[in-house]
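> coords please:
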Amino acid sequence: MSSVIKRLAGQTAVYGLSNILGRLLNYLLVPLHTYMFSQAQYGTVTEFYAYSSFLFVLYTYGMETAFFRFSNTDNKDEVRNASMLSLLISTCILSLILFVASSPIASALGYENKAYYIKWFALIMAADTLCVIPFANLRLKNKPLRYAVIRLLNIGITITLNLYFLTYSVGSSQVFGEVVNNSIEGYVFLANLVASIITFLFFLPDYFNVSFTVNRTLIKSMWRYSWPLIFIGMAGMINETLDRILLKNLLPFSDEENLAQTGIYGACYKLSILMTLFIQAYRMAAEPFFFNESKNKDAPEIYARSMSVFIAICAFIYIGIIINLDFIKHFIDDKFHEGLVIVPVLLAANMCLGIYYNLSVWYKLTNKTLVGAWIALFGALITLALNIWWIPAFGYIGSAWATLVCYVSMMICSFWAGQYFFPVPYRIGRAIAYVIGMLVICYAHQKIMSLASLPMLFSVIVNVLIIGGLGYIIYQLEIKKPLAFNANK
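Residues are numbered from 1 along each chain as shown. Sure, this is the predicted structure:
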């Protein structure tokens, strides 16, 4: 059992390293953006990427998960061909619609003179979508080096162009100034567009080998499996990003101030970077890992052990961020610091989201994706209702708490449904102990540090001792000498 968990950890490290390193480098743009952009300009960036997350779900419609699911039981080449052909056709249709309707869409969003933003995002979505199955195929075939090189190249191009556009072109390049219509935030979208297109070019040869003759029975089975994932994905995006859109429209201030508040919320959300990066890296490794282990007679115990390790690491990351928030906050400009109060809430919300992702293995393995869709839609309704209720009264603080309530509710629902359809002996007692310990340590640390004006060196030493001690305890409990498995521990 321990060796299997270590293999998952190894795969998380392999695929996570490129994602963590890439996204970490990408997150390094946040200081540049927050220092150069006004709160409203950063709000525009936040808003458009919120919309793009919904578009990406629509463009991909769960086909990546279907690819992993059917590659485990059917001819892998047929599954890859069917997946790529399906996405190729649908991507062309959706991007054409966005191009034709770019002007009315831009006007509806309040960007009458920036219809080119819509066209750019249509191209970004197209390029990114057509890379989904080729990237998934690299993960399935365990080719981490090629995967990592292409991922990091994408991030490298994005960063380089951002630095060039925002530090050199601003105010000095008439050509690029006209391209973005002298809107400084447009440089971010332009850099994204160029990087996405170059990344797609690496996989272009794969599409030359796509056959338009497909196994109709297979593709219909894949569609039946994947279509509920659209609702799951859309509901997930409602829970993750709709608040950025609603803030602009529900706050009782001017349009400029509403965008500014959205920018503050978006910037402070970025401070949960380490939790987000770990969860994303874990998901990259966990999905194919869980499918591959599904035929193992010890699969439920493997999933339970994975969850225990996952929660322990999330608690460790939570504590590390909270006790060092006075240092981490300088990752964003001072004008965004008024929103720091939401960081602990959003960290807890992301932790619950990660637990929900772990729990969701049951409906993917049992083909109960429709039940999973209902849980996700339930969460989306909570998000929508609480944001409509709390944003006018509490602003972005209401959005943060709505996110936490949503993910806690989805986590509980998925746990109970999973125990009915696919019982897994999770260590409930230990999970609760980790969470309680996490909160107690953060609370005690805050009280100790507020007693007096302590020297910075003292704070650093205390924080290092806490992090080092927790890391050692988690390693001993979960990795080196895990206790004999018992669901009540």
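> Tell me where the stretch 251-400 of the chain is predicted with low confidence.
Applying pLDDT under 70 to the stretch 251-400 of the chain flags residues 287-288.
> and residue 96, what pLDDT?
With respect to pLDDT, residue 96 has a value of 96.
> meant to ask about residue 488
Looking at residue 488, its pLDDT is 43.
> all strands for the chain, in order.
Using DSSP state E, no strands are assigned anywhere in the chain.
> Packing partners of the lengthiest helix in it?
Longest helix in the chain by number of residues (criterion: DSSP state H): helix 216-250. Contacts defined by 3 or more C-beta pairs under 8 Å, 6 or more residues apart in numbering; DSSP states H and E place helix 216-250 against helix 39-60, helix 63-71, helix 76-100, helix 255-269, helix 369-394, helix 396-421. Backbone N, C-alpha and C define where each C-beta goes, glycine included.
> and the angle from it to helix 76-100?
Using axes from the mean of the first three to the mean of the last three C-alpha atoms, to 10 degrees, the inter-axis angle of helix 216-250 relative to helix 76-100 is 40 degrees.
> roughly how far is stretch 456-463 from the heart of the chain?
Its chain's C-alpha centre and that of stretch 456-463 lie 32 Å apart, by C-alpha atoms, centre = their mean, to the nearest Å.
> again, but for stretch 218-234
20 Å.
> Same question for stretch 439-453.
With C-alpha atoms, centre = their mean as the basis, stretch 439-453 stands 30 Å off its chain's centre.
> hmm, who's touching it?
Applying C-beta atoms under 8 Å, 6 or more residues apart in numbering, the external contacts of stretch 439-453 come out as 318, 319, 322, 323, 344, 459, 462, 466, 470.
> hang on, the first one packs against residue 274?
When you say that, I think you mean residue 318. No: Residue 318 is beyond contact range of residue 274, at 9.2 Å (criterion: C-beta atoms under 8 Å).
> neighbour count winner among the two?
The neighbour comparison of residue 318 against residue 274 (other C-beta atoms under 10 Å) goes to residue 318, with 24 against 18.
> List the contacts of that one.
275, 347, 348, 351, 438, 442.
> Determine how far the longest helix of the chain lies from the middle of the whole chain.
On the basis of C-alpha atoms, centre = their mean, helix 216-250 sits 14 Å off its chain's mean C-alpha point.
> Over to stretch 215-224?
28 Å.
> What are the buried residues along that stretch?
Across stretch 215-224, burial judged by 16 or more other C-beta atoms under 10 Å covers 218, 219, 221, 222.
> Specify which member of the contacts of residue 318 is nearest to residue 375.
Taking C-beta to C-beta as the measure, residue 375 sits nearest to residue 351 out of these, at 17.9 Å.
> Quick check: that closest one vs residue 149, distance?
Residue 351 is 31 Å from residue 149, where distance means C-beta to C-beta, to the nearest Å.
> So for those two, which sits in the more crowded spot?
A direct count of neighbours by other C-beta under 10 Å for residue 351 and residue 149 places residue 351 higher, at 26 against 12.
> Tell me how far that one lies from residue 132.
26 Å.
> is it true that residue 354 touches residue 281?
No: counting by C-beta under 8 Å, residue 354 stays clear of residue 281, with 10.7 Å between them.
> So which of those two has more stuff around it?
More neighbours surround residue 354 than the other of residue 354 and residue 281, with 25 against 22 (other C-beta under 10 Å).
> What sits closest to that one if chain neighbours are left out?
In this structure, residue 354 finds its nearest non-sequential neighbour in residue 279, 4.1 Å apart by C-beta to C-beta, 6 or more residues apart in numbering.
> Tell me if I'm right that that neighbour and residue 357 touch.
Yes: shown here, residue 279 and residue 357 form a contact pair, counting by C-beta under 8 Å, at 6.9 Å.
> Those two: which has the busier surroundings?
Ranked by neighbour count (other C-beta under 10 Å), residue 279 and residue 357 place residue 279 first, with 24 against 19.
> That one: what's it in contact with?
Contacts for residue 279 were tallied using C-beta under 8 Å, 6+ apart; they are 314, 350, 353, 354, 357.
> just those residues now: which is nearest residue 35?
Taking the contacts of residue 279 together and measuring to residue 35 by C-beta to C-beta, the closest member is residue 350, at 24.8 Å.
> Let me see the confidence value for residue 172.
Model confidence at residue 172, given as pLDDT, is 50.
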